[in-house]
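# got a structure for you, letters missing:
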């Protein structure tokens, strides 16, 4: 310990940052809270599953049409 210069802690500085209203941030917060309401996860899952089924069905129709065209092409050219 120093006799001539004793260690003295500095006082805390006051750091004030004003909080301003941000409409976009509030809208994001409200949207996130609305998603967390009861049953929202089930609704999201059902919506995702319905879009997945539609996508699979359209892909199936594409393969059926391509297969039909291929069979028709073999029938015509051979």
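Right, received. Where do you want to start? Only a predicted model underlies this, so the values are computations on that prediction, with no experimental measurement involved.

# Please, which helix or strand holds the most centrally placed residue in the chain?
The centre of the chain sits closest to residue 32, judged by C-alpha atoms, centre = their mean, with a distance of 10.6 Å. Per DSSP states H and E, residue 32 falls inside helix 23-35.

# what do you get for residue 18?
Per DSSP H and E, there is no helix or strand for residue 18.

# Run a quick neighbour tally on it.
4 (other C-beta atoms under 10 Å). Using the backbone N, CA and C atoms, a C-beta is placed for each residue, glycine as well.

# now swap in the one 5 residues further on and tell me
Burial of residue 23 is recorded as 7 neighbouring residues (other C-beta under 10 Å).

# ok, it - contacts?
If you count contacts by C-beta atoms under 8 Å, 6 or more residues apart in numbering, residue 23 has none.

# For residue 42, see how far away it is.
Remark: distance between residue 23 and residue 42 (C-beta to C-beta, to the nearest Å) = 30 Å.

# do residue 51 as well
Separation of residue 51 from residue 42 (C-beta to C-beta) stands at 15 Å.

# Roughly how far does the residue nearest to the centre of the chain sit from residue 25?
Plainly put, residue 32 is 11 Å away from residue 25 if you go by C-beta to C-beta.

# With residue 10 instead?
Counting by C-beta to C-beta, the gap from residue 10 to residue 25 is 35 Å.

# Where does pLDDT dip in this protein?
Per-residue confidence for the chain (pLDDT under 70) gives these ranges: 1-3.

# Mind naming the longest helix for it?
Secondary structure assigned by DSSP state H gives helix 40-77 as the longest helix of the chain.

# List the buried residues for that helix?
With burial defined by 16 or more other C-beta atoms under 10 Å, not one residue of helix 40-77 is counted as buried.

# So which of residue 10 and residue 25 has more stuff around it?
Neighbour totals were compared for residue 10 and residue 25, and residue 25 leads with 10 against 5 (other C-beta under 10 Å).

# Any figure for the gap between the more buried one and residue 17?
15 Å.

# Phi and psi next, for residue 20.
phi -100, psi 150 (degrees, to the nearest 10).

# residues in contact with it?
Not one residue lies near residue 20 by C-beta under 8 Å, 6+ apart.
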